[in-house]
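J.: model the following, please.
(one chain, ligands or ions: 2)
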Amino acid sequence: MSMIAAFYGGKSILITGATGFLGKVLIEKLCRTSPDLKVIYILVRPKAGHTLQQRVSQIINSKLFEKVREVCPNVHEKIRAISADLNQNDFAISKEDMQELLSCTNIIFHCAATVRFDDHLRHAVQLNVTATQQLLFMASQMPKLEAFIHISTAFSNCNLKHIDEVIYPCSVEPKKIIDSMEWWDDAIVDEIAPKLMGDWPNTYTYTKALGEMVVQQESGNLNIAIIRPSIVGATWQEPFPGWVDNLNGPNGMIVAAGRGFLRAIRASPLAVADLIPVDTVINLTLAVGWYTAVHRPKSTLIYHCTSGNLNPCNWGKMGCQVLSTFEKIPFEKAFRRPHADFTANTITVHYRNAVSHRAPAMIYDIYLWLTGRKPRMTKLMNRLLRTISMLEYFINRSWEWSTYNTEMLMSELSPEDQRIFNFDVRQLNWLEYIENYVLGVKKYLLKEDMAGIPEAKQHLRRLQNIYYLFNTVFFLIAWRLLIARSQIARNVWFFIMW
Ligand SMILES: CCCCCCCCCCCCCCCCCCCCCCCCCC(=O)SCCNC(=O)CCNC(=O)[C@H](O)C(C)(C)COP(=O)(O)OP(=O)(O)OC[C@H]1O[C@@H](n2cnc3c(N)ncnc32)[C@H](O)[C@@H]1OP(=O)(O)O
Ligand SMILES: NC(=O)C1=CN([C@@H]2O[C@H](COP(=O)(O)OP(=O)(O)OC[C@H]3O[C@@H](n4cnc5c(N)ncnc54)[C@H](OP(=O)(O)O)[C@@H]3O)[C@@H](O)[C@H]2O)C=CC1
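T.: Ligands and ions are numbered 1, 2, ... in the order given. Sure thing, here's the model as predicted:
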């Protein structure tokens, strides 16, 4: 019998960020392994014209929940959506709902965050710091609360090279920043943001670091743990390999490379690609929830959920495997044949951006314009280049994260729990994982049918022929112009002909 699965039986669990990437996998695993849990409260806001109920139904009826619907047919009764906006006071939760949450919640998993790197500092502070503070205040009023699990990021201290499982202080107290945000206008925030952020590369990582400080300072008597995942990727094993549903992190790059937009990226091929599958993160999260509630460690424990020190893989190896998978499983509607490489030199990067990214986009836009359609490729390419510029920081450096707490927890689990809640990343075979990842991007993110592969391959062959034709015509025109202007070129031409 799994101790962890049994622990969640009969429990009332509160999850923020449940509609996000990690949140969905967390609910899925909880419902599948502990179908006898009492209720999962999820704090959801209405979005994009969808009501709360529609959003929940969409999740429950999705492919990800296929197995859950078998194991736990009454899953929709287990999930209770509560209307909430984490940017509002008291999260804009109704009095009745708040009363129920305060009196019933046993465990909190706090996943909600803004993960945009370029979010305005005010908004990032509001969601990643102030909302965390408010949630901790709510938690302190919950008599039945057994554990509060905060999801942070391994990059909250990306300004350091070696990172231990401790909280590092930021130079300005988070409380001061929260207070200042009340009376600073946007112009002042914009001016002061770079000074506050110091050597953090973006508002996301900075506010996640502030969020950890808030957790430490406001923990009071609560049983708290912090989990720091690195770059979270598609599922490794559960509920099935390769599931992914957003364009964050490597996902967008895989799409861009597979469709032939991305030709070159500034990256160190030897830098460690610290990817971690989302199901591994969730298994660790559930194990930490159990351990924190049952063993009640004296201090707040931090768990690094990373792969680099246990089973390293570098960007070069990962990129090669991504490209070789495209050979077998091409994406549909490719703009060009997938071919990308890593460059390190700044001049080469500018050259490749001009020649391999911007020029083909402009040529294609001219073609669209000539055929009476709306040009869009240049805009798309600019967006891609902007995204790449934001990710570059993370693919040109390596970090070392110590994992003592995570390894300690692994040794505390029974063999049954080690199997059901496996977070031992040493067992991961990278080549197999990346192949399933690319396949998952095709199937679950791009929603492409596998039956379309022969047609996609044929399309790539056509693109290859267009490429040869274009190069031949380009060469002939260039040569013709050269012959017209240069005696040496003419001599070479006559020599060849002769
Ligand atoms: C040796 C040879 C081998 C050769 C190999 C060759 C290689 C070939 C293979 C390549 C694969 C292997 C290498 C991969 C390297 C990846 C490194 C990853 C590092 C990640 C580190 C993460 C560390 C921290 C982890 C964490 O702790 S947290 C999670 C991380 N957080 C994020 O990843 C958020 C990032 N994003 C944003 O920060 C915002 O997205 C923003 C970017 C500002 C845009 O912002 P904006 O321009 O305003 O655009 P949006 O409004 O967002 O979107 C507007 C429209 O663009 C869409 N779109 C949003 N995104 C993306 C995206 N990426 N890519 C594409 N499209 C996207 C969106 O769908 C919407 O489409 P629409 O609806 O309009 O149709
Ligand atoms: N993905 C990754 O690579 C990594 C993620 N993490 C951390 O994991 C956690 C989850 O990330 P991930 O699932 O990828 O992020 P997502 O962007 O997929 O999900 C964010 C969640 O937060 C919710 N949310 C955002 N703003 C509000 C608001 N004002 N009120 C209520 N809910 C809100 C979103 O709801 P809605 O659907 O309504 O927008 C969504 O459910 C975050 O704390 C992140 O820092 C850490 C390391 C890496």
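J.: check which helix or strand covers the residue nearest to Met362 when sequence neighbours are not counted.
T.: Setting aside the residues directly before and after it, Met362 is nearest to Thr378 in space (C-beta to C-beta, 6 or more residues apart in numbering), at 5.9 Å. Using the backbone N, CA and C atoms, a C-beta is placed for each residue, glycine as well. For Thr378, the host element (DSSP states H and E) is helix 377-395.
J.: which strands border the helix or strand just after that helix, and is each parallel or antiparallel?
T.: Later in the chain than helix 377-395, the nearest helix or strand by DSSP H and E is strand 400-401. If you go by DSSP bridges, strand 400-401 pairs up with strand 162-163 (parallel).
J.: so after the partner strand, what's the next helix or strand?
T.: With elements assigned by DSSP H and E, the helix or strand that comes after strand 162-163 is helix 174-183.
J.: which element is the residue in the stretch 251-400 of the chain that ligand 1 sits nearest to on?
T.: In the stretch 251-400 of the chain, the residue that lies nearest ligand 1 is Gly252 (2.0 Å; C-beta to the nearest ligand atom). According to DSSP H and E, Gly252 maps onto helix 250-258.
J.: is that helix in proximity to ligand 2?
T.: No: under the criterion of C-beta under 6 Å from any ligand atom, helix 250-258 makes no contact with ligand 2; the nearest approach is 8.9 Å.
J.: now do the buried residues in that helix.
T.: By neighbour count on 16 or more other C-beta atoms under 10 Å, the buried set for helix 250-258 is 250-258.
J.: and stretch 132-143, which residues are buried?
T.: Applying 16+ other C-beta under 10 Å to stretch 132-143 flags 132-136, 138-139, 142 as buried.
J.: filter those residues down to the ones in strands?
T.: Using DSSP state E, no member of the buried residues of stretch 132-143 sits in strands.
J.: name the nearest of those relative to Phe155.
T.: Thr132 (16.8 Å; C-beta to C-beta).
J.: mind checking pLDDT for the closest one?
T.: With respect to pLDDT, Thr132 scores 97.
J.: what segments of the chain are strands?
T.: Using DSSP E, strands in the chain cover 12-16, 39-44, 79-83, 107-110, 147-151, 162-163, 224-229, 231-233, 264-266, 275-277, 301-305, 341-343, 400-401.
J.: run the chain-centre distance for the lowest-mean-pLDDT helix or strand in the chain.
T.: The weakest-scoring helix or strand in the chain, judged by mean pLDDT, DSSP states H and E, is helix 487-497 (a mean of 84). Remark: helix 487-497 is offset 57 Å from the chain centroid, using C-alpha atoms, centre = their mean, to the nearest Å.
J.: before we move on, what about stretch 353-364?
T.: That offset, for stretch 353-364, works out to 28 Å (C-alpha atoms, centre = their mean).
J.: pull out the buried residues from that stretch.
T.: Within stretch 353-364, the residues scored as buried using 16+ other C-beta under 10 Å are 353, 356-358, 360-361, 364.
J.: check stretch 76-89 too.
T.: Going by neighbour count (16+ other C-beta under 10 Å), the buried part of stretch 76-89 is 78-82, 84, 86.
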